[in-house]
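> using only what follows, build the 3D model:
(chains A and B)
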Protein chains: 2
Amino acid sequence: MTEYKETFIEGGTVTSPRGFKAGAVTAGIKKNRTKPDLGILCSEKPCTAAGMFTTSKIRAAAVIVSEENLKEGRASVIVVNSGCANAYNGEKGIIDAKEMISLAAAHTGVPVSDVLVASTGVTGQLLPMDRIREGIKKIPLSADGGHDLARAIMTTDTVQKEAAVTGRNGTAAYTIGGIAKGSGMIHPNMATMFCFLTTDAPVETGFLKAALKKAVDMSFNMISVDGDMSPSDTVVIMANGAAGGETIQAGSRAAREFRRKLNAVCIRLAAALARDGEGATKLIISNVTGARNLKEARKVARAVVMSSLIKTAVHGGDPNWGRIVAAVAQSGIDVGLSDIDMAIGTVAVLKAGRPLPFDEKDVIGVLRQADVPVSIHLNMGNGSATAWGCDMSEEYVGINSEYMT
Amino acid sequence: MTEYKETFIEGGTVTSPRGFKAGAVTAGIKKNRTKPDLGILCSEKPCTAAGMFTTSKIRAAAVIVSEENLKEGRASVIVVNSGCANAYNGEKGIIDAKEMISLAAAHTGVPVSDVLVASTGVTGQLLPMDRIREGIKKIPLSADGGHDLARAIMTTDTVQKEAAVTGRNGTAAYTIGGIAKGSGMIHPNMATMFCFLTTDAPVETGFLKAALKKAVDMSFNMISVDGDMSPSDTVVIMANGAAGGETIQAGSRAAREFRRKLNAVCIRLAAALARDGEGATKLIISNVTGARNLKEARKVARAVVMSSLIKTAVHGGDPNWGRIVAAVAQSGIDVGLSDIDMAIGTVAVLKAGRPLPFDEKDVIGVLRQADVPVSIHLNMGNGSATAWGCDMSEEYVGINSEYMT
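Now for the predicted structure:
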């Protein structure tokens, strides 16, 4: 995918675009009281903004409150905590989420209507508001604070996920930056993941919203760790215009470039989430071509990364291509065995449904790589899509057996 | 569920009904050449018969051939092997499946049109036909052979699954017996599982087919081990009439009793499959009541047993009811938190979406039981359903990482 071949800024993060600051503290919300768990991202200037949230029918308080606050297409501050999702807490949850917004507004000097909130962690427990009140006051905000915020939003993540690229809008150069978290409960349609994106380009709200939706559809909605969905998933982008230049509108050349750059950042962060899936040791990249259309290509690509049997086979280095055929066959599209060409890495294993002679050692070699590409060509049309997933290890079970207790 | 409270025959199996014989041999199809892997089930008299097969778009040769042979609603012999699924083998697979039928027909003296075939095991490899030709000739058939056949169809199963009940048809007493296999790739809509059912009651074909479908919908289609579907799933019932009495037709009192008994056998075998899921240590029983209708109740019940996060939490004894709420919320029905009452075992944890005070130790105690019942009442209507699943352990990953290699 060309988007994935963008040049990323070395060490780039969500505060790489001009006029954004961030910071975090250790407030004691997480059980492990040595890890940062509360932070703020803010813009010096008002922003146009757009967001996408969990499609789960029962949503956490922060999602309900933030979606409401985003209705006008403006937001310039996000306050976020890890360690407690503030989900399934009824009216008290809403009250606490709104108080977090008020506290962050006071700390940054921005109206409450421009502040969003996000919470991740254990569900069904109330936020420790005393610690949050103390903590928010102490959050330091700096132009280099994106890294600290990236760390503070981690739960079972083992590495920070950050990315930034530059683009051009006429004569003005701008940057798009982002951070993300989430390594369990990750599934197409954005389950328990956060992604906060910023840009100093001036972007019209309606276009920003449409561009975000397309980028999320081809990135975060194409990854799967475990098939579970969370009540808290949140992707937000804020554009403060600090880079100058004309406001980017739909249909322009600058809009096309902005889209390409935004897609690149989202795909980079989405693949990083899949690679860091709970207990994961490998990234599975499922490339589907020749499908009837985009929708069917996405169905098949996702079916491959969602199969527990493929995930465990990749983990064990088992060259079991039959499991990939089974995933294609149950993906929900109309397909026959003779429609399928398949390669694992660069090793072709099936042509029109017939097994090709190949050396098992070559496939085992691919399965031992950190990136395992599976290519499926369906000989039906021009639809293509990529999905990202991870292998399933004994450690996934260990992590999730003992998350709360 | 009342069906589950039937009295089962001690040591009952697929040859408990009169006039059925079975047997098995070790033909050397499995890698482990000390385990039985080839067997036959047959009736002394012609049978009415019905079957249900995988809904996967790409089906194994045995499924294609057997479904064709069942079109007339008659079958009296099933030949079955484990160790090789004969799937994804194109025309050669069909030829081999048909030869298995011919060999079994010769061995039992039944016309080929009355013989079905079933194969389970690794996909994408050809059957070792030389060993199968030698093996089928040697299969001993006896009225007590159901146990041997139950063993021969096992792959990663750790225990045999057998059941039988008796019923009355006017003055005639009859028996329904069955065996099943499958412990991985198990999922609603019957993935990699076999169930072979027999009865000595005389049953009209159309009614037999309808009764089988209903029984499968409430049993095998309500279990999940790992969300994957196989190309080989097969459920078949054969009725030979050896018990005498009037032919059971739809709408009669005898039909209602037959249905109840058939449901009981299928539910018993389905729960046994879930309990023996790969790496499983516990049975999760998800009871949903108060749904708008049966369809929604089934969606919610299945969502609970399909969630990797619930499966791992049950494994680890983690009283994380938020994960159950998340599963309900993503099940695809329209639901709010305040609609939900929930109990884990007999411990009520939620009422109208509000957490109830409970002792965590009580819930942990339930999670340590061999059977873990989760009850969800939705306060919406009269729809109810039960689904069965298992916990997910580190061993599930171990088994599936090394299945083929």
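> what about the residue nearest to residue A:241 when sequence neighbours are not counted, distance to chain B?
Of all residues not flanking residue A:241 in the chain, residue A:202 sits nearest, at 3.4 Å (Cβ to Cβ, 6 or more residues apart in numbering or on different chains). (Glycine included, C-beta is placed from N, CA and C.) To chain B, residue A:202 is 37 Å away according to Cβ to the nearest Cβ, to the nearest Å.
> hmm, residue A:202 is touching residue A:247, no?
Yes. Residue A:202 lies in contact with residue A:247 (Cβ atoms under 8 Å); the separation is 4.5 Å.
> need the residues touching each of these two.
residue A:241 (Cβ atoms under 8 Å, 6 or more residues apart in numbering or on different chains).
> quick one: which of those two has more around it?
Higher neighbour count among residue A:202 and residue A:247: residue A:202, with 22 against 16, using other Cβ atoms under 10 Å in any protein chain shown.
> what pLDDT does the more buried one get?
We have a pLDDT of 97 for residue A:202.
> quick check: which ranges of chain A have low pLDDT?
A:1-5, A:183-192, A:225-229, A:396-405 (pLDDT under 70).
> so which residues of the stretch 201-350 of chain A form helices?
Ranges of helices in the stretch 201-350 of chain A, per DSSP state H, counting those that start in this stretch, are A:205-218, A:253-275, A:294-306, A:308-316, A:321-329.
> whoops, I mixed them up, the stretch 1-150 of chain A
For the stretch 1-150 of chain A, applying DSSP H, counting those that start in this stretch gives helices covering A:61-69, A:90-108, A:129-137, A:146-152.
> so what's residue A:110 up against?
So residue A:110 contacts A:42, A:76, A:77, A:104 (Cβ under 8 Å, 6+ apart).
> ramachandran coordinates for it?
phi -110, psi 150 (degrees, to the nearest 10).
> quick check: it vs chain B, distance?
According to Cβ to the nearest Cβ, residue A:110 and chain B sit 31 Å apart.
> what's the separation between that residue and residue A:27?
Distance, residue A:110 to residue A:27, by Cβ to Cβ, to the nearest Å: 20 Å.
> with residue A:182 instead?
According to Cβ to Cβ, residue A:182 and residue A:27 sit 20 Å apart.
> the residue lying farthest from the centre of chain A: what secondary structure?
The outermost residue of chain A, judged against the average C-alpha position, is residue A:357 (38.6 Å), by Cα atoms, centre = their mean. Using DSSP: H, G, I helix; E, B strand; the rest coil, the structure places residue A:357 in coil.
> same thing with the one 4 residues further on?
Recorded secondary structure, residue A:361: helix (three-state DSSP).
> burial count for it?
Residue A:361: 9 surrounding residues under other Cβ under 10 Å.
> please apply the same query to residue A:144.
Residue A:144, neighbours per other Cβ under 10 Å, totals 13.
> isn't it right next to residue A:15, touching?
Yes. The pair residue A:144 and residue A:15 passes the contact test of Cβ under 8 Å, sitting 6.4 Å apart.
> could you tell me which residues make contact with the nearest residue to residue A:245 once chain neighbours are set aside?
For residue A:245, ignoring the flanking residues on the chain, the nearest one in space by Cβ to Cβ, 6+ apart is residue A:172 at 3.1 Å. By Cβ under 8 Å, 6+ apart, the residues touching residue A:172 are A:201, A:243, A:244, A:245.
> so which of those residues wins on neighbours?
Within these, residue A:201 tops the neighbour count with 30 neighbours, counted by other Cβ under 10 Å.
> pretty sure residue A:379 is touching residue A:353, no?
No. Residue A:379 lies out of contact with residue A:353 (Cβ under 8 Å); the separation is 9.8 Å.
> need the residues touching each of the two.
Overlap of the contact sets of residue A:379 and residue A:353 (by Cβ under 8 Å, 6+ apart) consists of A:339, A:340.
> okay, those two: which has more neighbours?
residue A:353 (19 against 15).
> the stretch 251-400 of chain A against chain B: which residues are in contact?
Listed as neighbours of chain B in the stretch 251-400 of chain A under the rule Cβ under 8 Å from any Cβ of the partner chain: A:306-309, A:312-313, A:315-323, A:325-330, A:333-338, A:353-355, A:364, A:392-394, A:396-400.
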